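Trainee: quick check, what structure comes out for this input:
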Amino acid sequence: MMDFSISDLLNSEQCYDYLINILHPNGLCCPNGHALKECFVYRRDRTPILNYRCKICKRCFNLFTDTVLQGTHYSVIQIVQLLQGIAQGTSTAQLAREMGVDRKWLLHRRHKLQKSAYEARCREPLHDKVTESDEMYQNSGEKRLFAS
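Mentor: Modelled structure (predicted):
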């Protein structure tokens, strides 16, 4: 098997936008609920990850604040690589080699991400009152409507 790092092919701005949409679907804002327009950028040392400070509550935050990724010092490209690797079932050792990071850190992050995904899963697999037997095991699509 050959390791293939895609980090050289990824654009950091696109990865940042992708992570914003996943982590903050309603848009980035102060963790205390104040709008981003009430905040200012106070540090740009990890571009494109900007650190903001709220003018109202003085709280500092960034893309990862109050998420499972809080405290990470890796780039947005590496985070997207990690998410892709987890989704594809790539081993932690291979991911660590491709990303150029410590395997123990990666395993710790992977477990946190998987636990978070498990806790956020949909507990109601089907949202209708009528269930066909094959839908209990595999969502086979739309139910057929029979004319009476």
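Trainee: can we go C-alpha only for contacts and neighbour counts from here?
Mentor: Will do.
Trainee: element containing residue 86, please.
Mentor: Using DSSP states H and E, residue 86 falls within helix 76-88.
Trainee: which outside residues touch that helix?
Mentor: Helix 76-88 has contacts (CA atoms under 8 Å, 6 or more residues apart in numbering) with 6-7, 10-12, 15-16, 19, 49, 91, 95, 99, 110.
Trainee: what about residue 70, helix or strand, and which?
Mentor: For residue 70, there is no helix or strand it lies in under DSSP H and E.
Trainee: for it, give me the pLDDT.
Mentor: pLDDT for residue 70: 91.
Trainee: that one: neighbour count?
Mentor: If you count neighbours by other CA atoms under 10 Å, residue 70 ends up with 12.
Trainee: what separates it from residue 45, distance-wise?
Mentor: As judged by CA to CA, to the nearest Å, residue 70 and residue 45 stand 17 Å apart.
Trainee: hmm, who's touching the strand ranked longest in the chain?
Mentor: What stands out as the longest strand in the chain, according to DSSP state E, is strand 39-46. With CA under 8 Å, 6+ apart as the test, strand 39-46 has contacts from 30, 50, 51, 52, 53, 54, 55, 56, 75.
Trainee: hmm, which two among those residues are most spread apart?
Mentor: 56 and 75 (28.8 Å; CA to CA).
Trainee: output the below-cut-off pLDDT ranges for this structure.
Mentor: 1-9, 123-128, 130-148 (pLDDT under 70).
Trainee: one step back: which of the contacts of helix 76-88 has the most neighbours?
Mentor: Of the contacts of helix 76-88, with other CA under 10 Å as the count, residue 95 tops at 25 neighbours.
Trainee: farthest pair within the contacts of helix 76-88?
Mentor: Pairwise across the contacts of helix 76-88, and taking CA to CA, the largest span is found between 49 and 91, at 27.3 Å.
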